[in-house]
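Q: quick one, structure for this:
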Amino acid sequence: MAMISFQTQSSRGRRPQRGATLIEALVALVIMSFGMVALVGLMGNLRQSGDLAKQRSEAMRLAQAELAKLRSFSVLNDADDDEKIRDYDHDIASPPEPEVFPSDKTNTTFKLTREVTPLVDGLTEPQAKSVRIKVEWQDRTETGQSLTLDSVISRTDPVLSMALGVTPPTNGIRQPDKRNPVIPPGAKDLGNGTSAFRPSGSNTAVWVFNNVTGFITRSCDINTNTAVSALTPSSFESCTNDTIGYLVSGTVRFSTGSTPDPRAPADAVKSLSVYLSLTASQLTARNAEGAEVLALGGSLGDYPAQPVPPCFTDEAVSNSSEQVQTLINYYCLVYPNKQKNWSGKVLLGSPLDIGTSSSQFKVCRYSGDYNGNGYTEDPFVANGKPDRIDNEEHPALYRHVTYSLARQNFLVIRSGEGTACPLSPVNTSLSQFVDASTFVIQP
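A: Numbering: from 1, shown residues only. Here you go, the predicted model:
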């Protein structure tokens, strides 16, 4: 019997699929190879960037250390040229050759160049120097790199830096006995926010100060036999004058030798008087038409009706005592005009003989731009610029004063042809840290 075999079409068309997994693996390997190549390049760039950052950090350290070394001078000029002493004039200069700093940590060598020039050209003694520190090196790829620092070093005596170690008062101004600093130290605190002060031991006038503002709120007549220390708030109940006034006070010293000394005047005092010469206010305001006109209080008639503001001194009645009096303190009470300010001059008068001959005296005022906001000697305008001597800096003419003034000091010298008020500015080399310059005010 014959056997018949059947085979379907589908089974005849099927073929075995060999090698597909190997091809996929090869493709994946190729793709991963490209990624690894890119990763290797990235790692190389990261390494180079990290290396450069480390080199730049080291270069910055060298440049900053060089600047710090230049700023560490201890004197302005070492006349003996001692190598152990760093001074401003000699050690802050451009070296002839750059300095080389090998570095094992960064696998390179740094070259430091220092260039020093005067901040202002043409000054024989520059007040400041411009300094440029440049550090150069080559990275791992032999590419040149550089870093530059620029700074200015002032020619300031290092002695002045000790002031930075003094803690400033938290309230801005140190107030003796917790009172306004213009209140005379001899004034008695009455315990009610006011203080009493007798400006002259031979006069009955007693002034009452507001401890906060320094304004004079009352002026009373109290018998000279009553000591200020014995006064109480009830001692002023009979005083009815509550008009606010301003204090102007200071000291008069004498240096009548051939070479006046404004820093240590110690000659015996001469009898004198102190008075104020008031002037009209020049404050302006805009009227209804928009034009500037003198504001209210623009005439002398707007001051209170009194001849002159009362001024007193503590000059001794006689100088026959063993201790010769070498200074005179003065105190003036000024009632303001309708604008609540005053303008004028503080002057000395007879019996002091003021004039231009050698037998007479010249009056100088201690003055200067102590706060550094600009200075001209002219009381009004100089070189087209307004006078910026503030009222508390003792100008020749006070303008629109709205507060009490203290330390408005004078120096009296001999007059005569060629005699000038002495100048004595700050000189740190002589340990003179205060401006003691004076300027003429009389005659």
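Q: for this protein, which helix is longest?
A: Longest helix of the chain, by residue count under DSSP state H: helix 20-71.
Q: output the contacting helices and strands for that one.
A: Packed against helix 20-71 by the contact rule (3 or more CB pairs under 8 Å, 6 or more residues apart in numbering; DSSP states H and E) you find strand 108-118, strand 128-138, strand 144-154. To be clear about C-beta, it is placed using only N, CA and C from the backbone, and glycine gets the same treatment.
Q: after that helix, next one along is what?
A: As assigned by DSSP states H and E, the chain's next helix or strand after helix 20-71 is helix 88-91.
Q: following that next one in sequence, what is the next regular element?
A: Using DSSP H and E, the first helix or strand after helix 88-91 is strand 99-103.
Q: where's residue 233 relative to residue 311, distance?
A: Applying CB to CB, to the nearest Å, the value for residue 233 to residue 311 is 26 Å.
Q: which one's more surrounded, these two?
A: residue 311 (21 against 13; other CB atoms under 10 Å).
Q: what's the pLDDT at the more buried one?
A: pLDDT recorded at residue 311 is 91.
Q: and it, what are its bridge partners?
A: Bridge pairing for residue 311 (DSSP bridges) gives the partners residue 332.
Q: just to revisit the earlier point, the helices and strands packed on helix 20-71: which one's closest to residue 97?
A: With respect to residue 97, and counting by CB to CB, the nearest of the helices and strands packed on helix 20-71 is strand 108-118 at 9.1 Å.
Q: let's have the helices and strands packed on helix 20-71 in JSON lines, adding mean pLDDT and distance to residue 31.
A: Formatted as JSON lines, these follow (pLDDT from 0 to 100; distance: least, CB to CB, whole Å):
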{"stretch": "strand 108-118", "mean pLDDT": "90", "distance to residue 31": "39"}
{"stretch": "strand 128-138", "mean pLDDT": "91", "distance to residue 31": "38"}
{"stretch": "strand 144-154", "mean pLDDT": "90", "distance to residue 31": "38"}
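Q: and residue 277, how many neighbours?
A: Number of residues near residue 277 (other CB under 10 Å) recorded here: 13.
Q: what's in contact with the host helix or strand of it?
A: Element membership for residue 277, per DSSP H and E: strand 273-279. Strand 273-279 is contacted from outside by 248, 252, 300, 303, 308-309, 311-313, 330, 332, 334, 342-352, 397, using CB atoms under 8 Å, 6 or more residues apart in numbering.
Q: buried ones among those residues?
A: Neighbour-count burial (16 or more other CB atoms under 10 Å) applied to the contacts of strand 273-279 gives 248, 252, 303, 309, 311-313, 330, 332, 334, 342-348, 352, 397.
Q: show only the entries of those residues found in strands.
A: Cross-referencing the buried ones among the contacts of strand 273-279 against strands under DSSP state E gives 248, 252, 311-313, 330, 332, 334, 342-348.
Q: nearest to residue 142, of those?
A: For residue 142, the nearest member of these is residue 343. The distance, counting by CB to CB, is 75.5 Å.
Q: list the contacts for the closest one?
A: Counting by CB under 8 Å, 6+ apart, residue 343 makes contact with 278, 279, 280, 281, 282, 397, 398, 399, 400, 401.
Q: residues near residue 60, how many?
A: With other CB under 10 Å as criterion, residue 60 counts 13.
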